[in-house]
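Enquirer: Okay, structure incoming, though there's no sequence with it:
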Ligand SMILES: NC(=O)c1ccc[n+]([C@@H]2O[C@H](COP(=O)([O-])OP(=O)(O)OC[C@H]3O[C@@H](n4cnc5c(N)ncnc54)[C@H](OP(=O)(O)O)[C@@H]3O)[C@@H](O)[C@H]2O)c1
């Protein structure tokens, strides 16, 4: 990974920061992205100190804001001119249905639309580094039904994280189909569990009513079960997809915990789902985009 430029969203903490650490240790020039400039600078300082690599930069963007994604892509173009790897790692969970300033449901905006839009905006820089790689990070329960009537949580919001990750996978598969693998490959990583800000802040309201009494017990168990080196272990699937020379030119694959090959959920392969999610992303991001 010597001198390869890698941008990782949501990398000032959690699994994203461990992904950045792993890739910096392999020699990559790592660009961290978080919402807050101070936290991003502090994370970059820590990684420079602990990895001994000077090639760790920090940029800021809130992935729920389309204006920030446009600015981030412009910054990357100006500063680096090319991008070897983009890892769309940032994701959010919201307790109640919220709309962003762009009028998009917030979880759909961060977990599905941001990977779609940022990848499109950075295609010129990725193509300049061809064969470049995009890694989209899935999670929650990616198997199951994707409800096309509830893509923005219009009908139900409980466990909506699952819906957004299924939609992300359908979008990723469609992107991989449309994008020539000789230019840019698009693959999906499932990290496995880690005790991070995401599940530390989980509110009982995000669970189905019957399971809510168990949430306090879960809160006690999660740090024990998924603390320690769990975030580093969870970063391995993204690190592998970003760096393994054997995966050069390989697109449309899905790897699970530890980077083991996994089977795509049927909902992500379903053509109707893929087209519906793609069309919604096109519409919500402002303008129809030509096939990449
Ligand atoms: N943790 C798990 O058990 C687990 C399981 C399966 C899948 N995953 C997936 O793994 C990925 C990383 O999860 P994680 O648990 O490491 O998450 P996390 O701890 O909540 O991620 C924190 C990172 O995300 C950034 N972030 C949060 N909201 C953001 C926003 N609106 N815009 C830009 N950055 C934002 C934070 O930056 P600032 O706060 O500095 O802005 C920080 O860098 C996600 O895609 C998640 O779905 C996690």
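Expert: Sure thing, it's come through. This is a predicted model, so every value here is computed, not measured.

Enquirer: just the residues of the stretch 101-250 of the chain that are near the ligand, which are they?
Expert: 110, 137, 139, 191, 193-194, 196-199 (CB under 6 Å from any ligand atom). Backbone N, C-alpha and C define where each C-beta goes, glycine included.

Enquirer: Just the buried residues of these.
Expert: With burial judged by 16 or more other CB atoms under 10 Å, the buried subset of these is 110, 137, 139, 191, 193-194, 196, 198-199.

Enquirer: Show me which of those residues is closest to residue 8.
Expert: Among those, residue 137 lies closest to residue 8 (CB to CB), at 9.4 Å.

Enquirer: was I right about that closest one contacting residue 111?
Expert: No - the pair residue 137 / residue 111 is not scored as a contact, 9.4 Å apart, by CB atoms under 8 Å.

Enquirer: quick one: common contacting residues for these two?
Expert: residue 91 (CB atoms under 8 Å, 6 or more residues apart in numbering).

Enquirer: For the chain, which helix extends over the most residues?
Expert: In terms of residue count, the longest helix belonging to the chain (DSSP state H) is helix 160-178.

Enquirer: Give me the buried positions along the following helix or strand past it.
Expert: The helix or strand immediately downstream of helix 160-178 is strand 184-189, counting by DSSP states H and E. The neighbour-count check on strand 184-189 (16+ other CB under 10 Å) flags 184-189 as buried.

Enquirer: Need the residues that contact strand 184-189.
Expert: Defining contact as CB under 8 Å, 6+ apart, one finds that strand 184-189 is touched by 119, 123, 126-127, 130-138, 168-169, 172-173, 175-176, 179, 237-238, 240-241, 247, 249-255, 259, 292.

Enquirer: Now do it: distance to the chain's middle.
Expert: 11 Å (CA atoms, centre = their mean, to the nearest Å).

Enquirer: could you pull out the helices for this protein?
Expert: 14-25, 37-51, 66-80, 106-108, 114-121, 123-128, 160-178, 197-200, 215-226, 230-234, 236-243, 266-269, 271-284.

Enquirer: quick check, nearest of the residues of the stretch 101-250 of the chain next to the ligand to the ligand?
Expert: Nearest to the ligand out of these is residue 139 (CB to the nearest ligand atom; 2.3 Å).

Enquirer: ok, back up a step: farthest pair in the buried residues of strand 184-189?
Expert: Longest distance between any two of those is 16.1 Å, between 184 and 189; criterion CB to CB.

Enquirer: ok so, going back, with pLDDT as extra columns, can I get the residues of the stretch 101-250 of the chain next to the ligand in CSV?
Expert: What follows is these, written out as CSV (pLDDT from 0 to 100):
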residue, pLDDT
110, 98
137, 98
139, 92
191, 97
193, 91
194, 93
196, 91
197, 88
198, 85
199, 80
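
Enquirer: what's the closest of the residues you listed to residue 64?
Expert: Of all these, residue 64 sits closest to residue 110, with 4.9 Å by CB to CB.

Enquirer: Surely that closest one is in contact with residue 63?
Expert: Yes - under the criterion of CB under 8 Å, residue 110 makes contact with residue 63 at 5.0 Å.

Enquirer: Show me which of the contacts of strand 184-189 are buried.
Expert: Of the contacts of strand 184-189, these count as buried by 16+ other CB under 10 Å: 119, 123, 126-127, 131-138, 168-169, 172-173, 175-176, 179, 237-238, 240-241, 247, 251-255, 259.

Enquirer: quick one: average pLDDT of the longest helix of the chain?
Expert: The average pLDDT within helix 160-178 is 96.

Enquirer: Quick one: distance of it to the chain centre.
Expert: 11 Å.

Enquirer: got the contact list for stretch 61-81?
Expert: With CB under 8 Å, 6+ apart as the test, stretch 61-81 has contacts from 5, 7, 9-10, 31, 33, 35, 57, 59-60, 83, 90, 92, 100-102, 104, 106, 109-110, 113-114, 117-118, 121-122, 124-125, 128, 285-286.

Enquirer: If you go by neighbour count, which of those are buried?
Expert: Buried, going by 16+ other CB under 10 Å: 5, 7, 9-10, 31, 33, 35, 57, 59-60, 83, 90, 92, 100, 104, 106, 109-110, 113-114, 117-118, 121-122, 125, 128, 285, out of the contacts of stretch 61-81.

Enquirer: Looking at those residues, which are in strands?
Expert: Among the buried ones among the contacts of stretch 61-81, DSSP state E puts 5, 7, 9, 31, 33, 57, 59-60 in strands.
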